[in-house]
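Engineer: 3D, please:
(3 chains)
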Amino acid sequence: MLIAVAPLGDGGAVLRRVGDDGTPVGSAEHVADLAAAVRGAERGGDVRWLWASAEVYPALVRAGVSVARCHDLELTEALLLGSEGEWGAPRRLVAAWARLNGGVVTPDPPARQPAPPGDVQEALFDPTPADAAPPGFDTLDAAVAVYAAQLGRIAGTPMPGRFRLLVAAESAGGLLAVEMGRDGLPWDAGTHDAVLTELLGEPSRVGGPPSRLGELAQEIADAFGVARVNADSPAEVLKAFRRAGYPVNSTAAWELRRIDHPAVPLLTRYKELYRIWTAHGWAWRQQWVRDGRFHPEYVPAGVVSGRWATRGGGALQIPKVIRASVRADPGWRLVVADAAQLEPRILAAVADDPGMARAAGAGDMYAALAAEAFHGDRAIAKVALLGAMYGQVGGQAAPALARLRQSYPKAFAYVEDAARTGEAGGLVRSWLGRTCPPPSASWTEGTWTGGSAAAAQDGAEGWGDPESGGNVRGSVARSRARGRFTRNFVIQATAAEWALALLATLRTRLSGTPARIVFFQHDEVIVHAPRDGTDEVVAAVHEAAASASQLLFGQTPVRFPLGVAVVESYADAK
DNA sequence: AGTTTCATATGG
DNA sequence: CTCGCCATATGAAACT
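Structural biologist: Got it, this is the predicted structure:
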């Protein structure tokens, strides 16, 4: 049984029961207190909520209510639109309803700016504004109608059973994302201060650079024998090196590392510290940490591959040295679990390559591959596998890839097929049916620095017809880049699904316990739990991983081992 | 002055 | 001729 929810904006809502087949049961019911109604229904047993989590759930969570399951109409709409070749079309309920009724489809509102915790008045509920609703639109009726239509569309996907699993996992993720943003990541300001002071020195009173950065800047200037050089300006640094007789083309660390000059290590250190100061320093904490919790805003499926993104706070790029600040509360622990070698194991599973699946049954898959096919050279085996998944073709990858192709033809063909499809302009899907976005005009040739600049220069030098020659080669490069994208999509998107399935199971397992999932980063999850309860959490995480594997792949020789650490500080994991 | 792109760092 | 995927965040530089 489902219950469709239409919030009214005053804390109340209109509800309607819906059968699993999408037909409404009984009539609409007005409740004055949605939070109380939801709490009551959850106690009553097996119920699934029909709503868009991002719009309804934050207010409920703030009111102290959580729910076990939902069908997220918006996240599902986005999945279906992608599957139907309408990637990026408006996903909001009003738009889905308009499509259903042949009305005018209004675009989704632009994503809100990242909202630091607590500095804005948070709305009670966020119903569709009356002026934005098309004539005849009723939130409750629309939810019911769109749900029924979605059921039919799901049945029409190439693999409906898998797609249903995807919808369930995505919806659970929608709930968890709200909960995690609300709960926040335990953050110890004292430790953070100690780390910052150790690295950066004393903070400047006026908000300028801390002492160590100022000293480093002076040391850099001294190394060049000048009075001052702005280390933040690539142009100035480049000029300084050239004046000193070093013909460098950029100030990137990888290029500077190759030259021998006293300023190089100083610059590298400066940039590292500067980034910590600006992106994760005192000002950052002031903005994002409240009452000992870092509150990023998670965006499920914010990445085209289905990975989550975050808005604000840089939650998915916390530098390793800063992780010491992530500390469990007194008497509590962090259970840090990460999936080891997830993507290559996913490749072994989806390609159903017997040899590779056998290797993926080992604790160290690269070592197992090396033993079987790479003369025991683990590093080469790793290069081959990563090259196959990312589309590398040159350098040391070439011979390694040839061996991979020879020894594991089915796995090789799987990613190769995805690449060919992409190069030809086609679409690929993940294991559960998430579809990649179509090629678009905004698709660039790639991100390597030489790409477009080199092509433009070739044209100017008159390599054949400057215009058509440049275009042809540009389009080939674009097609290749597209091939690398689709090649990687089938793996990365499926890995994201596995992680999402783990999360969904783990969330269910931990409900009703004090343990909370407080962080999720692609293939890694952190649970905050009372010290006495960590054994059960560790068991739950392992079971969730096994469950994810079973849900996606059924019986398979591929193993998905987890590295699990029970620690007081995130820095102590691994 | 405000906006967009580039360069460089971080994470997986 | 060359050829490694997905992101976010910052300040400088370039552009409108």
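Engineer: need the phi and psi values for the nearest residue to A:Val525 once chain neighbours are set aside.
Structural biologist: Of all residues not flanking A:Val525 in the chain, A:Ala337 sits nearest, at 5.3 Å (C-beta to C-beta, 6 or more residues apart in numbering). Backbone N, C-alpha and C define where each C-beta goes, glycine included. When read as degrees, to the nearest 10, the backbone of A:Ala337 gives phi -120, psi 130.
Engineer: and A:Ala337, what does it touch?
Structural biologist: A:524-527, A:538, A:541, A:545, A:562-565 (C-beta atoms under 8 Å, 6 or more residues apart in numbering).
Engineer: which residues in chain A form strands?
Structural biologist: Along chain A, the stretches classed as strands by DSSP state E are A:2-7, A:13-18, A:24-31, A:48-51, A:70-72, A:185-186, A:289-290, A:293-294, A:297-299, A:309-311, A:332-339, A:516-520, A:524-530, A:562-567.
Engineer: and the first one, which strands flank it?
Structural biologist: Using DSSP bridges, the neighbouring strands of strand A:2-7 in the sheet come out as strand A:13-18 (antiparallel), strand A:48-51 (parallel).
Engineer: could you check the pLDDT of A:Ala384?
Structural biologist: Looking at A:Ala384, its pLDDT reads 95.
Engineer: now do the residue lying closest to it once chain neighbours are set aside against A:Gly394, distance only.
Structural biologist: Sequence neighbours aside, A:Ala400 is the residue nearest to A:Ala384 in space, at 3.6 Å (criterion: C-beta to C-beta, 6+ apart). Distance of A:Ala400 to A:Gly394, computed by C-beta to C-beta, to the nearest Å: 11 Å.
Engineer: the two: which is more packed in?
Structural biologist: Neighbours were counted for A:Ala400 and for A:Gly394 using other C-beta atoms under 10 Å; A:Ala400 has more, 24 against 8.
Engineer: wait, doesn't A:Ser547 sit right on A:Leu502?
Structural biologist: Yes - counting by C-beta atoms under 8 Å, A:Ser547 touches A:Leu502, with 7.4 Å between them.
Engineer: residue numbers of the stretch 201-350 of chain A in contact with DNA strand C?
Structural biologist: Listed as neighbours of DNA strand C in the stretch 201-350 of chain A under the rule C-beta under 7 Å from any atom of the strand: A:230, A:232-236, A:278-279, A:284, A:302-305, A:307, A:309-314, A:316-317.
Engineer: low-scoring stretches of the stretch 201-350 of chain A, by residue?
Structural biologist: Judged against pLDDT under 70, the stretch 201-350 of chain A has no low-scoring part.
Engineer: who in it is up against DNA strand B?
Structural biologist: So the stretch 201-350 of chain A meets DNA strand B at A:234, A:250-254, A:268, A:271-272, A:275, A:316-320, A:338 (C-beta under 7 Å from any atom of the strand).
Engineer: picking that back up, out of A:Ser547 and A:Leu502, which sits in the busier spot?
Structural biologist: A:Leu502 (28 against 18).
Engineer: thought the more buried one was touching A:Ala544?
Structural biologist: Yes - under the criterion of C-beta under 8 Å, A:Leu502 makes contact with A:Ala544 at 4.7 Å.
Engineer: quick one: neighbours of A:Thr157, just the number.
Structural biologist: Around A:Thr157 there are 21 other residues, counting by other C-beta under 10 Å.
Engineer: and if you look at the one 5 residues further on?
Structural biologist: The burial count assigned to A:Arg162 is 19, neighbours taken as other C-beta under 10 Å.
Engineer: what distance do you get for it to A:Ala169?
Structural biologist: Counting by C-beta to C-beta, the gap from A:Arg162 to A:Ala169 is 11 Å.
Engineer: so what sits against both of those two?
Structural biologist: Both A:Arg162 and A:Ala169 are contacted by A:Leu432, under the criterion C-beta under 8 Å, 6+ apart.
Engineer: contacts only, for the closest residue to A:Ser407 other than its chain neighbours.
Structural biologist: Nearest residue to A:Ser407, sequence neighbours excluded (C-beta to C-beta, 6+ apart): A:Ala373, at 3.8 Å. Applying C-beta under 8 Å, 6+ apart, we find A:Ala373 in contact with A:355, A:381, A:403-404, A:406-408.
Engineer: I'd like the distance between A:Ala373 and DNA strand B.
Structural biologist: According to C-beta to the nearest atom of the strand, to the nearest Å, A:Ala373 stands 25 Å off from DNA strand B.
Engineer: let me know the pLDDT of that residue.
Structural biologist: Looking at A:Ala373, its pLDDT reads 96.
Engineer: please apply the same query to A:Thr444.
Structural biologist: If you check A:Thr444, the pLDDT there is 49.
Engineer: which regions of the stretch 351-500 of chain A lie under the pLDDT threshold?
Structural biologist: Using pLDDT under 70, the stretch 351-500 of chain A drops low at A:441-474.
Engineer: again, 80 this time
Structural biologist: Counting by pLDDT under 80, the ranges of the stretch 351-500 of chain A that qualify are A:440-474.
Engineer: contacts only, for the residue nearest to A:Ala384.
Structural biologist: With contact taken as C-beta under 8 Å, 6+ apart, A:Ala400 is in contact with A:374, A:380-381, A:383-384, A:387.
Engineer: helices of the stretch 51-200 of chain A, start to end?
Structural biologist: Remark: helices assigned in the stretch 51-200 of chain A by DSSP state H, counting those that start in this stretch are A:53-62, A:73-83, A:93-100, A:139-155, A:160-183, A:189-200.
Engineer: return the most buried member of those.
Structural biologist: helix A:73-83 (a mean of 24; mean count of other C-beta atoms under 10 Å).
Engineer: which elements pack onto that one?
Structural biologist: Under the contact criterion of 3 or more C-beta pairs under 8 Å, 6 or more residues apart in numbering; DSSP states H and E, helix A:73-83 touches helix A:53-62, helix A:93-100, helix A:139-155, helix A:160-183.
Engineer: ok, 7 Å please
Structural biologist: Secondary-structure packing of helix A:73-83 (3 or more C-beta pairs under 7 Å, 6 or more residues apart in numbering; DSSP states H and E): helix A:93-100, helix A:139-155, helix A:160-183.
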